[in-house]
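In: Next comes the sequence, and after it the predicted model I'd like to discuss.
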Amino acid sequence: MTELLAPDEPSPVRVLRTNGRSELFVTADHAGRTIPRSLGQLGVADRELERHIAWDIGIAGVTERLSAALDATAVLQTYSRLVIDCNRDPEAPSSIPEVSETTEIPGNQRLSAEQRAARRQAIFEPYHACIRALLDARKVAGQRTVFVAMHSFTPVFKGESRAMQVGVLYNRDVRLAAIMLELLRAEGDLTVGDNAPYAVSDVTDYGVPVHAERRGLAHVEIEIRQDLIADEAGQAAWATRFERLLRAATERLSC
């Protein structure tokens with residue numbers, strides 16, 4: 001199998017505060033938009049690679065600040081979701097999209113099984129292996145873990161405006177999500193999505209079902225509207241807000 005990444009290219013995973021003392025464990029599956037040199041630009045124009053189809057705009061900055069404020073371990077994925085989506089089962093058709101929203105991705109069309117496997121081996125597997133190893137180590141150490149998956153969403157999707165500023169996503173386990181919904185609504189200045197603009201499922205997600213639900217970890221997936229975190233001021237403001245709210249939420253979980 002041809003190597004997808006050259007030795008001097010970035011690792012697919014970036015870990016902050018490996019030994020963080022917080023019980024919160026944060027992930028950002030779509031934090032980066034790097035594309036391996038061997039794939040060029042996947043046939044996609046520069047302006048398209050700045051859009052949501054390539055990454056979750058602003059979420060890396062929020063996650064970095066949140067990790068620092070909480071002393072929480074954070075795991076960020078550095079390559080574009082157009083190369084392989086690290087929040088999808090690799091067997092799902094949307095794992096390597098041929099069309100994202102309405103944009104064709106020529107470099108993802110008519111891929112061989114070997115080409116798909118190369119992306120999975122180089123990017124998807126190391127990222128999730130890192131998360132598994134860190135969670136395993138916390139379990140062995142007796143460190144309680146609350147899993148928080150950070151994402152961002154577009155203000156407009158296929159012509160439809162989204163008035164909500166933030167969404168709380170969940171699937172089978174609503175323990176933490178219910179608390180976060182209550183806390184966010186109590187802020188008084190937010191329109192909050194309840195399993196919106198997306199809902200977590202085994203088909204559309206990977207991180208929460210595999211890493212949190214299967215381990216029985218309390219968890220939540222957070223979506224922040226991208227125009228609110230497109231700059232450093234917005235990222236700092238939302239990290240400060242979530243530091244406060246996540247601390248309050250985990251205290252309630254402990255009661």
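Out: Sure, I can see it.
In: Is Arg116 in contact with Glu98, as I believe?
Out: No - using C-beta atoms under 8 Å, Arg116 is not in contact with Glu98, being 11.7 Å away. No exception for glycine: its C-beta is placed from N, CA and C like everyone else's.
In: hmm, who's touching the worst-scoring helix or strand of the chain on mean pLDDT?
Out: Within the chain, no helix or strand scores below strand 160-161, which has a mean of 77 by mean pLDDT, DSSP states H and E. Residues from elsewhere that reach strand 160-161 (C-beta atoms under 8 Å, 6 or more residues apart in numbering): Pro155.
In: How about residues contacting the helix or strand that it is followed by?
Out: Once strand 160-161 ends, the next helix or strand along the chain (criterion: DSSP states H and E) is strand 166-169. The contact list for strand 166-169, computed with C-beta under 8 Å, 6+ apart, reads 153, 177, 180-181, 184, 190, 192-200, 208, 220-225.
In: Quick check on the residues you listed: which are buried?
Out: Those of the contacts of strand 166-169 that meet the buried threshold are 153, 177, 180-181, 184, 192-193, 195, 198, 200, 208, 220-225, by 16 or more other C-beta atoms under 10 Å.
In: Can you show me the strands along the stretch 1-150 of the chain?
Out: 13-16, 24-28, 73-77, 99-100, 103-104, 146-153 (DSSP state E, counting those that start in this stretch).
In: Strand partners (parallel or antiparallel) of the last one?
Out: Within its sheet, strand 146-153 is paired with strand 24-28 (parallel), strand 219-225 (parallel), according to DSSP bridges.
In: With the first one instead?
Out: Listed by DSSP bridges, the sheet partners of strand 13-16 and their directions read strand 73-77 (antiparallel).
In: any idea what sits nearest Asp173, other than its immediate chain neighbours?
Out: Distances taken as C-beta to C-beta, 6 or more residues apart in numbering put Glu213 closest to Asp173, at 6.3 Å, once the chain neighbours are dropped.
In: Surely the one you found touches Arg175?
Out: No - using C-beta under 8 Å as the test, Glu213 is too far from Arg175 to be in contact (11.4 Å).
In: buried residues in stretch 69-89?
Out: Result for stretch 69-89 [16+ other C-beta under 10 Å]: buried residues 69-70, 72-89.
In: any idea which element the residue lying closest to Ser201 once chain neighbours are set aside lies in?
Out: Closest residue to Ser201 apart from its sequence neighbours, by C-beta to C-beta, 6+ apart: Asn171 at 6.2 Å. Using DSSP H and E, Asn171 falls within no helix or strand.
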